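Visitor: with the input below, show me the fold.
(one chain, ligands or ions: 1)
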Amino acid sequence: MPELDGKRVFVTGSAAGIGKAIATLFTQRGARVVISDIDADAAKTTADEIGAAGVANCDVTDESQVQGAVQQAVDLLGGLDVLVNNAGIEVSSPLLQQSTESFDKIYAVNVRGPFVAMKAAIGHLIESKGNVVNIASIAGIGGSPLLGSYCATKAALIQLTRVAAVEMRPTGVRVNAVCPGFADTAMVERLVPDFEAATQVPFGDLVAMKQGRLGTPEDIAEVAAFLASDRASWITGSHYVLDGGLTASLV
Ligand code: NAP
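Guide: Residues are numbered from 1 along each chain as shown. From the prediction side, this is the model:
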C-alpha cells in the first residue's frame, strides 16, 4: 500500500519549490493533496500538473484567509490528516540594517503563518489523529550572515513545533519540523548574488565545500513524507536536519 494512502493533506506555499515537491510526492504516494499559495494562477497550474485534489489559496499572513482555506480544504477532502506549513520567505540583509517593517513581514509569514494555520487546523487534526510538518531550516539551528531575521524565524518555528507537539501529545496529534540546508529553488537563486558579494566565494564552491551538493526539493519531500506517514507514529516534537553534513562540521 502506498505510504500515504488516503491521507488528506493541505500544503501552504505549494505552487512552487519545496512545497510543490511535497505536494507531488505525497500525491504519488497515495495522498489527496490540496494546493495552497499566495499566487492563485501558479497554484492552479501546479494542481492541474500533479493531479491534486484541489486548490484552496491563502496568504498565510492573513488569518481569515488561512481559516477560510483550511475550511475549504476540509470540505474538499472530507477532513484533514496532515498540515504542511511550507510557505516561507527569505530576507537577505545585515541584521541591524534591516527595516523594522521587513522584520515584521518575515515574522508574519514564517512564524505567525504556521501558528495561525495550526490553530485553524487543530480541531480537524484532533479528529483524525493527524499531524503537522513544519518546514523550518538549518538557519533555525545556526546563525548565518545576511540571514539574521530568517534565522530567528526558523528558530521560532522549531520552538513552536516542540511546544505544540508536547501540548498535543495527549490528543494523538504529532508535530514535527524539517530543517533543510541550501536547496535548489527560486529562494536560493535569489540569495546567491548577496552571498557571493559578502563572501567573495562562488556560491557553487561554498555549497560543494559545506554540504557536498545543493539539496533537491525532492530530498526534503522524502523526509516530510516519512514524518507525515504512520511509519513515524512515535515521532513528535522532532526537527529533522538534512543538509549534506553542513551543520555537523566545524570547518
Ligand atoms: P520558494 O521557491 O520561494 O517557494 C515558496 C512558495 O511559497 C512560493 O510559491 C511563494 O509564492 C509562496 N509564498 C510566499 N509567501 C507566501 C505567503 N505569504 N502565503 C502563501 N504562500 C506564500 O521557496 P522554497 O525554497 O521552496 O521554500 C519553501 C520553504 O522551505 C520555506 O519555508 C523556506 O524557508 C524553507 N527552506 C528553504 C530552503 C532552500 O534552500 N530553498 C532551505 C531551508 C528551508 P511567490 O513565489 O508568489 O512568492
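Visitor: alpha carbons only for contacts and neighbour counts from here, please
Guide: Will do.
Visitor: elements contacting the longest strand along the chain?
Guide: In the chain, taking DSSP state E as the definition, the longest strand is strand 174-180. For strand 174-180, the elements it packs on are strand 131-135, helix 148-168, helix 217-228, strand 239-242, judged by 3 or more CA pairs under 8 Å, 6 or more residues apart in numbering; DSSP states H and E.
Visitor: each with direction, which strands does that strand pair with?
Guide: When pairs are called by DSSP bridges, strand 174-180 turns out to pair with strand 131-135 (parallel), strand 239-242 (parallel).
Visitor: hmm, who's touching that strand?
Guide: 129-140, 158, 161-162, 164-165, 168, 215, 220, 223-224, 227, 233, 235-243 (CA atoms under 8 Å, 6 or more residues apart in numbering).
Visitor: and the ligand, which of the residues you listed reach it?
Guide: By CA under 6 Å from any ligand atom, the members of the contacts of strand 174-180 lying near the ligand are Ile135, Ala136, Ser137.
Visitor: end to end, how far does stretch 230-250 reach?
Guide: 35 Å (CA to CA, to the nearest Å).
Visitor: related to what we said a few turns ago, right, and the helix or strand after the longest strand of the chain?
Guide: As assigned by DSSP states H and E, the chain's next helix or strand after strand 174-180 is helix 186-199.
Visitor: average pLDDT across that next one?
Guide: In this model, helix 186-199 has an average pLDDT of 96.
Visitor: next one: stretch 218-230
Guide: Mean pLDDT, computed over stretch 218-230, is 98.
Visitor: got it, and stretch 66-73?
Guide: In the prediction, stretch 66-73 has an average pLDDT of 99.
Visitor: hmm, who's touching it?
Guide: Contacts of stretch 66-73 (CA under 8 Å, 6+ apart): 10, 34, 36, 54-60, 79-80, 116-117, 120-121.
Visitor: can you give me the buried ones in it?
Guide: By 16 or more other CA atoms under 10 Å, the buried positions in stretch 66-73 come out as Val66, Gln67, Ala69, Val70, Gln71, Gln72, Ala73.
Visitor: please save the CA atoms from that stretch in PDB.
Guide: What follows is stretch 66-73, C-alpha atoms only, in PDB (Å, rounded to 0.1, in the frame of the first residue of the first chain):
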ATOM      1  CA  VAL A  66      -5.900  30.900   6.300                       C
ATOM      2  CA  GLN A  67      -9.000  29.900   8.300                       C
ATOM      3  CA  GLY A  68     -11.100  30.000   5.000                       C
ATOM      4  CA  ALA A  69      -8.500  28.000   3.100                       C
ATOM      5  CA  VAL A  70      -8.300  25.300   5.800                       C
ATOM      6  CA  GLN A  71     -12.100  25.000   5.900                       C
ATOM      7  CA  GLN A  72     -12.200  24.800   2.100                       C
ATOM      8  CA  ALA A  73      -9.600  22.000   2.100                       C
END
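Visitor: so Gln65 versus Ile38, what's the distance?
Guide: Going from Gln65 to Ile38 by CA to CA gives 10 Å.
Visitor: picking that back up, just the buried residues out of the contacts of strand 174-180, in ChimeraX syntax.
Guide: Here is the ChimeraX selection string for the buried members of the contacts of strand 174-180, based on 16+ other CA under 10 Å:
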select :129,130,131,132,133,134,135,136,137,138,139,140,158,161,162,164,165,168,215,220,223,224,227,236,237,238,239,240,241,242,243
